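J.: Dropping the sequence and predicted coords here.
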Amino acid sequence: MKKFLSHFSLWSIGLIIFGNILMAFVVNNFLLPYHLGEGGASGLTIILFYLFGIPLYLSNIVINGILLVLGWKFLDPRTMYYTIFSTILYSICLKWIPNFAIPIKEPLLVPLIVGVLTGIAIGTVVLAGGTTAGSDILARMLNKYFGWNTGTAVLIIDFIIILPFFLITGFERTILSILNVVLNGKTIDFVLYGLNPRKSVMIISDHADRIAEELQATIDRGITVLHGHGYYTKDKKDILYIIVTRQQLMTVNNVVNFIDPQAFFIVTSVQNVNGQGFSYFINEKVNETSNKTLDETKKEVHSLY
């Protein structure tokens with residue numbers, strides 16, 4: 001029992017509850033009332049609802065239950081438990097969250113609302129350590145048995161499922177549904193990878209020591225010194241590498257320009273940073289409760305990567 005409970009984290013459970021309530025609210029109040037479609041297993045449940053009137057909460061349990069049985073070996077125990085919990089909770093929320101008849105006069109706003117809010121909901125569930133089953137499991141199976149890239153497999157599955165909506169809901173609503181799917185994916189990426197955006201800076205200067213000393217005192221960030229040389233001149237160069245926030249970037253720029261206006265200064269965007277001083281809170285909480293070996297940890301999907 002203790003070993004079973006060690007798989008769970010209150011933080012993760014709370015996020016999964018929030019994500020599923022939000023997702024069911026969006027489906028019942030925006031997606032279905034405005035006759036839009038969706039990709040993945042959710043899209044399949046919506047097709048069954050539009051064509052045969054089968055309640056979403058029933059088809060969701062059946063379809064995702066079958067996929068979980070087929071794909072159980074592709075998920076580690078923690079992810080499997082969270083996914084089962086998420087699937088059951090989502091069906092309960094679909095059944096009991098009412099339609100509040102929210103009026104929207106501008107049709108283009110509907111896929112924007114659905115795409116962004118659904119992306120936040122799904123991204124939160126995945127961030128917590130679960131999955132929404134469906135196309136995620138199918139994509140892993142295609143990757144194992146056919147060598148397909150997982151991301152490509154998800155896109156192909158979503159595309160195949162959304163095609164019937166051209167016949168079911170019509171051309172215009174299907175285009176709006178595709179917009180919803182695209183925004184959904186972008187929002188999920190933002191939730192998973194965009195919560196910790198940073199800038200990486202490389203500084204090549206003859207005054208690298210002075211710049212590093214000043215930056216260390218000013219912004220208190222770790223600085224890595226790389227040793228190189230100019231190919232043409234063969235002169236040795238110290239290269240400073242540092243990760244900073246957007247707010248700190250201006251300070252770095254000012255310090256470098258003041259000390260050495262001739263310094264070679266490179267700035268690139270970093271989508272996500274993990275490690276001392278940058279770790280995301282959820283990852284730290286998950287690690288605190290994990291008793292996994294390295295091999296078991298590599299198979300888990302709760303990481304921001």
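T.: That came through, no problem.
J.: Neighbours of L51, how many?
T.: When neighbours are counted by other C-beta atoms under 10 Å, L51 registers 11. For the C-beta atoms, the positions are set from N, CA and C on the backbone; glycine is no exception.
J.: For the closest residue to it other than its chain neighbours, give me the pLDDT.
T.: Closest residue to L51 apart from its sequence neighbours, by C-beta to C-beta, 6 or more residues apart in numbering: I168 at 6.7 Å. Looking at I168, its pLDDT is 93.
J.: now do G134
T.: 74.
J.: With A121 instead?
T.: 91.
J.: pretty sure it belongs to a helix, no?
T.: Yes - according to DSSP: H, G, I helix; E, B strand; the rest coil, the state of A121 is that of a helix.
J.: separation between the residue nearest to L51 and L48?
T.: Using C-beta to C-beta, to the nearest Å, I168 is found at 11 Å from L48.
J.: More neighbours: these two, which one.
T.: Counting neighbours by other C-beta under 10 Å for I168 and for L48 shows that L48 has the greater number, 18 against 14.
J.: Strands of the stretch 51-200 of the chain, residue ranges please.
T.: Secondary structure of the stretch 51-200 of the chain (DSSP state E, counting those that start in this stretch): strands at 198-205.
J.: Show me where it dips below the pLDDT cut-off.
T.: Counting by pLDDT under 70, the stretch 51-200 of the chain contains low-confidence residues at 74-75, 140, 143-144, 149-152, 193-197.
J.: just checking, S269 is part of a strand?
T.: Yes - using three-state DSSP, the assignment for S269 is a strand.
J.: G222 - how many residues pack around it?
T.: Around G222 there are 12 residues (other C-beta under 10 Å).
J.: gap between stretch 123-134 and the chain center?
T.: In terms of C-alpha atoms, centre = their mean, to the nearest Å, the centre of stretch 123-134 is set 9 Å apart from its chain centre.
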